[in-house]
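model the following, please.
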Amino acid sequence: MPAAVFQGLFIASVSLLFIAMAFFIWAIIEPYILKIEYVRMFHRKEYAPFERLSKDSSSSSVQKNPDLRIAFFSDLHGRGCRIKPNKLCDALVSSAPDIIVFGGDICQRGKSIEPGLNYLRYIANRASQLGIPCFAVRGNHDVLINSADFDSHGFHLLVNETVIVKSKQSKDYLIIGMDDSGRKPRIYPTLPALPEDIPPKRRIAVVHNPDYIYTVGKNDFLSMLSGHLHGGQIYLPFKLEYRLLRGDRLPMEGVNRGFFERNGIRGYISRGCGCVLFPLRLFSKPEVSIVDFDDDSEEENGG
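Got it, this is the predicted structure:
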């Protein structure tokens, strides 16, 4: 082999090694970097249905009072979460939400539930001081955790049930909390009875696995919040993480984070807070979602 070719291969190999090391180091660091996503989900004709707001929480666009604001987080996975409880709590309460909602997966495979529950208790204690109610649904790792575990740590667990929340304009919003079977293939529960006096645009489903959207229609609800997918966690090209490790439908269609729409329903998928399998994240920072909702009040008032 000519010396020049050998030298070129050596330089290329060393460069690839350094790049791989840099990615690995960043994947170790990223689980500690919490990002707040400010999101609007509208059902008013003059607005786009989805809008991601400024990252700056002092922005005037974020400061505007929405009809309903939900602070949403998911996928703690107990010790797999590298975000300190006080930092996570500050991110959840800083925008003065009307409610805080946890989207499931408090632990890893039903084991070592205390670390995740301790996060919930820390958040609930702070929220209680501010008069913010806290709700939760279970994820596929949570099937052995019961309502008493959540309730004793300050979060009311919704198991295929609903709760009515009053908005700033004194409108009733329906939060629909759907349970996760924890099985493969997923067995999705049917919706509970929904009050007819609350229209679908003011019904918000919270379900751990966003694939649930394929089992319902827009006559049931128009908005959905989910987690489960971790935004890929280690974000690989060609959907490799899903082809190798998961059988979820939405990622195969190119959706594993953020906004999506199916069957006339608008959904938002959080990247979650913790890690599974390995304490690593790559191009998928932990997330707290501040989600604002508004309906078409002009239409309701005849305007």
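
least confident secondary structure element in this protein?
Lowest mean confidence among the helices and strands of the chain (mean pLDDT, DSSP states H and E): helix 297-300, at a mean of 44.

ok, the most centrally placed residue in the chain - contacts?
Taking CA atoms, centre = their mean, the centroid of the chain lies closest to residue 270, which sits 2.8 Å from it. By CB atoms under 8 Å, 6 or more residues apart in numbering, the residues touching residue 270 are 37, 72-75, 103, 225-227, 231, 257, 287, 289. Just so you know, the C-beta spots here come from the backbone N, C-alpha and C atoms, and that holds for glycine as well.

for residue 124, give its distance to residue 85.
11 Å (CB to CB, to the nearest Å).

who has more neighbours, those two?
Taking other CB atoms under 10 Å, residue 124 and residue 85 do not tie; residue 124 has more neighbours (24 against 16).

so that one lies in a helix, does it not?
Yes: Residue 124 forms part of a helix when assessed by DSSP: H, G, I helix; E, B strand; the rest coil.

what's the local residue count around residue 90?
15.

name the element it belongs to?
Assigned by DSSP states H and E, residue 90 belongs to helix 85-93.

and that helix, how far from the chain's centre?
15 Å (CA atoms, centre = their mean, to the nearest Å).

list the contacts of that helix.
34, 36, 71, 73, 81, 100, 118-119, 122-123, 126-127, 130, 132, 273, 288.

kindly recompute the last result at 6 Å.
By CB atoms under 6 Å, 6 or more residues apart in numbering, the residues outside helix 85-93 that reach it are 34, 36, 71, 100, 119, 122-123, 126, 288.

contacting residues around residue 37?
287, 289.

in stretch 151-160, what's buried?
Residues of stretch 151-160 classed as buried: 153-155, 157-159 (neighbour count, 16 or more other CB atoms under 10 Å).

among these, which lie within strands?
Among the buried residues of stretch 151-160, the ones falling in strands (DSSP state E) are residue 157.

possible to save the buried residues of stretch 151-160 as a markdown table with distance to residue 8 and pLDDT?
Converted to a markdown table, those look like this (distance: CB to CB, whole Å; pLDDT from 0 to 100):
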| residue | distance to residue 8 | pLDDT |
| --- | --- | --- |
| 153 | 59 | 97 |
| 154 | 61 | 97 |
| 155 | 58 | 98 |
| 157 | 60 | 98 |
| 158 | 60 | 98 |
| 159 | 62 | 96 |
